[in-house]
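Trainee: missing the sequence, but the structure's below:
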C-alpha cells in the first residue's frame, strides 16, 4: 500500500503529494489518532446518532411505537410555530434575558480578572478567587430555593431594604413580573462571574513579565499597563469566549428559570427551553416541541456565524 | 499490542452505537424476552387448570400460586411517601400471596416521568394514575397495556366475581374491553347503599380560634366575606411573628386552580359553593361565565386590592403551603380537607382551638347550600397492567385479590393481632393503632401500613364496615359536607384526547386560563378585570371552544345513557 503510493508520487501533481504526506503523517501519529477516534466515536454516539430524532419535527409522533412508522406531516409543525400566540413572548423573553446577560455579564469577569491581577497580596488574591467561584458549584435547584426564601416577603432582601428605609412595604419579588429579568440576570452573574474569570486569569498569567517591565520603564501607570499591555494580550481569549457566549445565547438559562418561574411571573419568565419542555415532555406533543427546538438551533447557529464573522473582521481571531 | 487494545475499544464503542440504534428501532425486541418468559408459565397454568377451570370462577385464583414474585408498580404521584415491605401490613400480604411490590414514584414532574416511560416503552408491571390523566388514553390507544377483561377470561375468572360490573363497563373501551380498574369509585348501586354517608373533600375552612374571636361572622355574601377577612387581618396581623395570610387556595398551576377553576380538569370548588348547575336542559353549562361566578371572582379581586390576599398564595407549592398550614398562618382556606390532615393533627396537638373548621363559605345570591363533588364512578385513580408485565397470570390474580373483600380487609385492617382484632364482636383497629392513626398519620403508615396506606385499589365503600368513626379534628370537617354532596359522574371522561385537534385546543384554552386567572385576581381595578376577562373569553372562542364543547356534549350524553343502564 505504502510502497505503491510512493511509486505514484513523482507521476502526480503536487496536491496529491500533499495527500500522501498527510496519510503518512496520519500513520506516524496512529496511536494518537486512535485516541482522537475515541472522541469521534463519542461524538457520533451521543451527538450525531440522536440527531435522527430530529425527523419527528416533520412527523406526527406521539411518543408510542417507532419513529419510522409515524406519518409524515411536512412543514405543518413549523407553520404552527408562527401561529402560536406564545411564540412572541417566549422569543422576547429568551432574547431579552440572554442579551442583557451577555451585555452585563460578559465584561464583568474580564474587569474582575484585571483587578484581581493587580492585587499585591497573593494570599488575599487566592481567597477572593476561591470565594467568588464557589457559588458556581451550587446547583440551581439549591440556589433557586435559597433565592426564593431570600426574596420572600419575610426574606433577607426585604428586611435589608426596609431596614434602610428604601421601601415601606415588603415586595414579593418573584411574583412581580417586572423584577424577574433583573433577578435572573443578577443571580446568574453573581453565581458565575468568579468561575468565568478563571480563564482570563490564566490568560493574564501567561503574559510575559517583560512587557510590563518595558511598559513601566516607559512610564506607564497601573491603568495604562492594564489598558495597553494586559487587555491587548488577552484579546484573542476574549473574542473566542465571546463567540461561544453568543452561540449559546438561546440555551443558557433552563434550570435557573425552571426553579424561579411561577404562574404569576410567567409572562416574563417563559423562555424557549421552558416552553419546549412544557409542550414536549409534560404535554407529550413531541413533534411540535422538536420543531420549536430545531428552529431554536438554527437561530443559534446563525447567531454563532454572525459573531464569528464579526470577530474575524474586527480582530482576525475566530473559531473557524 | 497497545494498538490492538485501542482498536478493540473503538470497535466495542462502535458496536454499542449499532446496538443502541438497533434497540431504538425495535422496541418489540426489548419486550419480547419478558413476553416469552411469561409464555411458558402461561401455558403451564392453562393446561392443568383448563380442565378444572369451571369451579375456579368462584375460587380466589391467587391461592393457586404463592411463590415469591416482585412486581414493579408505578404511582404517578410524586408525593407518595411509603415503601412496600416496611410495615407489617405489606409484609403480611407478601407472606400471604407471595407478591412483593417495588413501588416506583416520580422524583419530579409526574407527566415527564410517565411520558418518558411510555416513549421508551419501559412501563413497569402495574401503573396507577389519576383517571383524568392523558397518559391513560395514550397507553390504551398505543397498545401498551393489557386488557384486564381479556386477562381475566384467560387466567382468572375470579376477577369478574370480585370486580364491580358497572365500573368495568363505565371504563369499557369501544372494543368492549376494559383496561383499567378504579379506586375510590362509587357506582350508582353504591349510591343507593351508601349515599347518606357520602362526604366531599371540598371544604371552606377557617381557623377556629380566630373565627370565634372576630364573632363568627357570616361569610356567605361578598360583603360579609371581605369584612371577615379584614377583621381577621386587623385582629391578628401576625402569627408567631410572621404575617397572617388571610385566605389560602390550592396551588396555582398552568391550567388554573382547583379552588377557583381548573379548566384542564373542568373542576371548580368555587362554582360548587355557588351551587352552579353543570348542565341546563341537557346542555353542558359554561359555569365560568355565570354572573354569580364572575361576581365572586370580582370579590376576590377586591380582596386583593384591599390587601387581603397575600402574594404567597400565587407562588407557594403544596410543600410550602403545608408548612404554613401547620404553623396556622392562614385564616381561611378554600382547600381540600384531606390534603391537610397531617397539618391539622399538628395544630390539634398544639392547641385544639387552633384547628381549621368548615363553615359556610361563598354562596350565590339566593344563599343556596353548596353542591359539593361527592364520590363518582370514575373514582380517583385507575390501575393498569402493562404489556411488559413479568407474569400476566400472577398480575391479574393479585389484582383480583386486592379488589376482593379479603384483599380490601387485609389492606384496610392489616394482620389480625398486629393492627386489628375482634373487639366486642367486631373487627376493628387495636386501640393503640387507632390512636396513632388519629394523631400521626405518617407514623401510622410506617408502623402499621394499614388503613389503605397503599390506596391503589381501595374501595372506599367496602371499607366503611371496618372504618372507625371519625374523630376530631377531622369529624367536624367531614360531617359538615354530609348532605351537601352531589354525584358528578356523568361529567367525567368527557375530554378529547390531547393529540387530537380538540385536545390541543383544550390545552391551549386551559393554559390561557392558567395565565389569566392570576391576572384577574391581581387586576388593579374592576375595569382591568373586565378587560382581562373579556380578552380571555375572546381568545377562548377563537381557539375552538365551540368544537370542544360539542365534543364534550356528545361524550356527556353517552355517559348519561351508560349510567342509566347501570340502574336498570
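Mentor: Perfect, thanks for sending it. Just so we're clear, the structure is a prediction, and the values are computed from it rather than from any experiment. Numbers count the residues shown, from 1 in each chain, chains lettered A, B, ... in the order given.
Trainee: give the contact list for the closest residue to chain A within the stretch 351-500 of chain B.
Mentor: Nearest to chain A in the stretch 351-500 of chain B, going by C-beta to the nearest C-beta, is residue B:499, at a distance of 5.2 Å. Quick note: C-beta positions are derived from backbone N, CA and C, even for glycine. Applying C-beta atoms under 8 Å, 6 or more residues apart in numbering or on different chains to residue B:499 gives the contacts A:60, A:62, A:284, A:285.
Trainee: average pLDDT for stretch B:394-405, rounded please.
Mentor: Taken as a whole, stretch B:394-405 has an average pLDDT of 94.
Trainee: for it, buried residues please.
Mentor: The neighbour-count check on stretch B:394-405 (16 or more other C-beta atoms under 10 Å in any protein chain shown) flags B:394, B:395, B:396, B:397, B:398, B:399, B:400, B:401, B:402, B:403, B:404 as buried.
Trainee: pipe those into CSV and attach secondary structure and distance to chain A per row.
Mentor: Shown next, in CSV, are the buried residues of stretch B:394-405 (DSSP: H, G, I helix; E, B strand; the rest coil; distance: C-beta to the nearest C-beta, whole Å):
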residue, secondary structure, distance to chain A
B:394, helix, 26
B:395, helix, 21
B:396, helix, 23
B:397, helix, 28
B:398, helix, 26
B:399, helix, 23
B:400, helix, 28
B:401, helix, 30
B:402, helix, 28
B:403, helix, 28
B:404, coil, 33
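Trainee: residue B:200: which of those is nearest?
Mentor: residue B:403 (24.0 Å; C-beta to C-beta).
Trainee: how much space separates the closest one from residue B:462?
Mentor: As judged by C-beta to C-beta, to the nearest Å, residue B:403 and residue B:462 stand 9 Å apart.
Trainee: what about stretch B:125-138, distance to the chain center?
Mentor: Going by C-alpha atoms, centre = their mean, to the nearest Å, the spacing between the C-alpha centre of stretch B:125-138 and its chain's C-alpha centre is 11 Å.
Trainee: surely residue A:243 touches residue A:314?
Mentor: No. Contact between residue A:243 and residue A:314 fails when scored by C-beta atoms under 8 Å: they sit 11.1 Å apart.
Trainee: so which of the two has more stuff around it?
Mentor: Neighbour count, other C-beta atoms under 10 Å in any protein chain shown: between residue A:243 and residue A:314, residue A:243 has more, with 23 against 11.
Trainee: helix or strand: which one has that one?
Mentor: helix A:235-247 (DSSP states H and E).
Trainee: before we move on, what about residue B:494?
Mentor: Residue-wise, residue B:494 maps onto no helix or strand under DSSP H and E.
Trainee: report how many residues lie close to it.
Mentor: The tally of other residues near residue B:494 (other C-beta under 10 Å) stands at 19.
Trainee: likewise for residue A:242?
Mentor: Counted with other C-beta under 10 Å, the neighbours of residue A:242 add up to 17.
Trainee: same thing with the one 4 residues further on?
Mentor: Per other C-beta under 10 Å, the neighbour tally for residue A:246 reads 22.
Trainee: how about residue A:99?
Mentor: Using other C-beta under 10 Å, residue A:99 is surrounded by 12 other residues.
Trainee: and what of residue A:29?
Mentor: For residue A:29, using other C-beta under 10 Å, the count is 12.
Trainee: then residue B:96?
Mentor: So residue B:96, with other C-beta under 10 Å, has 16 neighbours.
Trainee: taking the centroid of chain A, which residue is nearest it?
Mentor: In chain A, the centroid-proximal residue (C-alpha atoms, centre = their mean) is residue A:248; its distance is 3.9 Å.
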